[in-house]
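Undergrad: I'll drop the sequence and a predicted model, then ask my questions.
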Amino acid sequence: MSSSLVSGYAAKAVGKQLEAFTYEQPKMGKHDVRVSVTHCGVCHTDIHAIEDYYGITKFPFVPGHEIVGHVSAVGTAVSRLKEGDRVGIGWQGRACMKCKWCLQGEEHLCMDIVSSGVWVPYGGFSSSVLVDNRFAYPLPDTLPSEAAAVLMCAGVAVYSPLQSYAIRPSQKIGIIGVGGLGHLAIQFARALDYEVTAISSSPEKKEQSLAFGANHFMVSNDQTSLQQAAFNFDLLLCTASDNINWGVLLNTLKKNGSMILVGFPDVAFNSTDLVAHQLSITGSFLGNRTTMQEMLSFAQTHNIKPKVELMPMTKVNEALRKVKEGKARYRIVLFNDSIDTEV
Ligand SMILES: [Zn+2]
Ligand SMILES: [Zn+2]
């Protein structure tokens with residue numbers, strides 16, 4: 001293969017299976033680094049994007065945004081990274097760096113967020129990606145690549161809101177959904193001194209939830225135990241995207257309590273309780289660069305361990321299917337088996 005070509009897996013149209021796809025290396029800007037991909041996690045957002053749920057996907061579309069690899073080339077203005085460095089990259093591969101939000105250090109809220117995704121032009125299910133070096137994070141030697149990959153999106157997605165709400169010790173939190181995001185949220189929340197209740201629609205997740213560190217477990221469609229938990233939680237973190245019984249769950253919040261959404265569920269609730277108990281429902285989107293770095297270091301210090309199933313990238317469609325059907329335990333990471341990596 002010519003060194004100016006990249007091999008990846010692309011959906012050629014909305015909802016299609018991925019197929020092998022070769023494309024010209026994108027042109028390198030002065031702040032960019034090219035990274036040879038060794039590992040890439042599979043996130044539900046990849047599936048949403050293939051299905052054009054957000055209305056912004058351009059086809060052919062190469063998904064993949066939980067990336068670990070080695071720097072293979074650097075732009076002329078790059079000094080913080082060099083060839084051979086192992087880095088992690090999350091959903092955000094760049095930002096305009098000049099809008100109000102970028103200038104105040106909230107580049108994950110960049111006004112040009114649609115162009116900021118690492119999959120613009122092509123994502124991590126490929127032999128290499130090109131990103132702004134400021135969004136490629138050097139990884140500690142002791143952090144395994146498959147674990148680092150998962151932390152780059154799922155990790156920061158849950159760490160950021162948990163960390164920003166963990167202002168008072170011993171808050172009671174309910175974590176809704178024990179999957180790719182939820183199993184990490186349980187671990188981060190315990191490390192941040194929350195009293196954690198894992199809430200899942202699957203009773204069989206109880207044992208594993210407690211093993212991840214949850215103090216308690218509740219079944220989300222068990223109306224009786226949810227009603228007994230009325231006014232129990234300071235905070236609910238919703239990592240699930242379906243099977244959410246909004247009314248009963250909101251009743252488990254204390255007055256002035258908050259529910260934070262980190263996925264993209266369809267929401268339906270009765271406003272009466274929301275108003276009468278001064279509840280908040282809010283969203284949280286990834287994190288800025290400082291939070292990314294803090295999260296990596298926090299995960300290492302507190303031995304946060306994503307539970308990962310490794311699969312070869314050649315089986316990308318099988319991996320996507322497992323994630324879509326909720327059968328991943330708990331996160332799938334693809335390793336690059338067939339594609340020439342450049343380091
Ligand atoms: Zn993601
Ligand atoms: Zn910006």
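TA: Looks like it came in fine. Ligands and ions are numbered 1, 2, ... in the order given.
Undergrad: contacts made by stretch 97-117 with the rest, please.
TA: 56, 65, 91-96, 120, 123, 134, 285-290 (Cβ atoms under 8 Å, 6 or more residues apart in numbering). All C-beta spots, glycine's among them, are computed from the backbone N, C-alpha and C.
Undergrad: buried ones among those residues?
TA: Using 16 or more other Cβ atoms under 10 Å as the burial test, the contacts of stretch 97-117 include 65, 91-95, 120, 123, 134, 285-289 as buried.
Undergrad: of all of the stretch 201-343 of the chain, which residue lies closest to ligand 1?
TA: Residue nearest to ligand 1 within the stretch 201-343 of the chain (Cβ to the ion): Leu286, separated by 8.3 Å.
Undergrad: looks like that residue contacts Val158 (just checking).
TA: No - using Cβ atoms under 8 Å, Leu286 is not in contact with Val158; the gap is 10.2 Å.
Undergrad: in the longest strand seen in the chain, which residues are buried?
TA: Ranked by residue count and defined by DSSP state E, the top strand of the chain is strand 32-42. With burial defined by 16+ other Cβ under 10 Å, the residues of strand 32-42 counted as buried are 32-42.
Undergrad: what subset of the buried ones among the contacts of stretch 97-117 is also close to ligand 2?
TA: Among the buried ones among the contacts of stretch 97-117, the ones lying near ligand 2 by Cβ under 5 Å from the ion are Ala95.
Undergrad: what's the closest of the buried ones among the contacts of stretch 97-117 to Ala11?
TA: Set against Ala11, the nearest of these by Cβ to Cβ is Gly123 (10.8 Å).
Undergrad: so the closest one touches Gly64, yeah?
TA: Yes - if you go by Cβ under 8 Å, Gly123 and Gly64 touch, sitting 4.0 Å apart.
Undergrad: overlap of the contact sets of these two?
TA: With Cβ under 8 Å, 6+ apart as the test, Gly123 and Gly64 both reach 40, 46.
Undergrad: longest helix anywhere in this protein?
TA: helix 289-301 (DSSP state H).
Undergrad: for the following helix or strand past that helix, which strands pair with it and how are they oriented?
TA: Going down the chain from helix 289-301, the next helix or strand is strand 308-312, by DSSP states H and E. Applying DSSP bridges to the sheet, strand 308-312 is found paired with strand 331-335 (parallel).
Undergrad: could I get the buried residue list for stretch 199-215?
TA: Result for stretch 199-215 [16+ other Cβ under 10 Å]: buried residues 199-202, 205-206, 208-209, 212-215.
Undergrad: ok, and which of those reach ligand 2?
TA: Okay, of the buried residues of stretch 199-215, nothing touches ligand 2 (Cβ under 5 Å from the ion).
Undergrad: which of the residues you listed fall within helices?
TA: Reading helices off the buried residues of stretch 199-215 with DSSP H, I get 206, 208-209, 212.
Undergrad: taking the residues you listed, tell me the two that lie furthest apart.
TA: Pairwise distances across those peak at 10.9 Å for Lys206 and Phe212 (criterion: Cβ to Cβ).
Undergrad: list residues touching both of the two?
TA: Ala198.
Undergrad: quick one: what helix or strand has Leu320 in it?
TA: helix 316-324.
Undergrad: helices or strands next to that helix in the packing?
TA: Judged by 3 or more Cβ pairs under 8 Å, 6 or more residues apart in numbering; DSSP states H and E, helix 316-324 is in contact with strand 18-24, strand 32-42, helix 44-50, strand 331-335.
Undergrad: what comes into contact with the third one?
TA: The one in question is helix 44-50. 11, 14-16, 18, 54, 56-57, 61, 63-65, 91, 119, 123, 153, 180, 241, 263-264, 320, 323-324.
Undergrad: get me the contact residues on this protein for ligand 1.
TA: Residues of the chain lying near ligand 1 (Cβ under 5 Å from the ion): 43, 45, 153.
Undergrad: for the second one, report the pLDDT, please.
TA: Okay, so that is Thr45. You'll see Thr45 listed with a pLDDT of 94.
Undergrad: circling back to that earlier point, can you list the strands that the longest strand of the chain pairs with?
TA: strand 66-74 (antiparallel), strand 128-132 (antiparallel), strand 331-335 (antiparallel).
Undergrad: could you give the mean pLDDT of the longest helix of the chain?
TA: The model assigns helix 289-301 a mean pLDDT of 96.
Undergrad: just stretch 4-20 next, same as before
TA: The model assigns stretch 4-20 a mean pLDDT of 96.
Undergrad: list the buried residues for it?
TA: Buried, per 16+ other Cβ under 10 Å, within stretch 4-20: 6-11, 18.
Undergrad: export only the CA atoms of the longest strand of the chain, formatted as PDB.
TA: Taking Å, rounded to 0.1, in the frame of the first residue of the first chain, the C-alpha atoms of strand 32-42 are listed here in PDB:
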ATOM      1  CA  ASP A  32      -1.600  18.400  13.400                       C
ATOM      2  CA  VAL A  33      -0.200  15.000  14.200                       C
ATOM      3  CA  ARG A  34      -0.800  11.800  12.300                       C
ATOM      4  CA  VAL A  35      -1.400   8.900  14.500                       C
ATOM      5  CA  SER A  36      -1.200   5.200  13.500                       C
ATOM      6  CA  VAL A  37      -4.100   3.500  15.100                       C
ATOM      7  CA  THR A  38      -3.400   0.400  17.200                       C
ATOM      8  CA  HIS A  39      -6.800   0.300  19.100                       C
ATOM      9  CA  CYS A  40     -10.200   1.900  18.800                       C
ATOM     10  CA  GLY A  41     -13.200   1.400  21.000                       C
ATOM     11  CA  VAL A  42     -16.700   1.000  19.800                       C
END
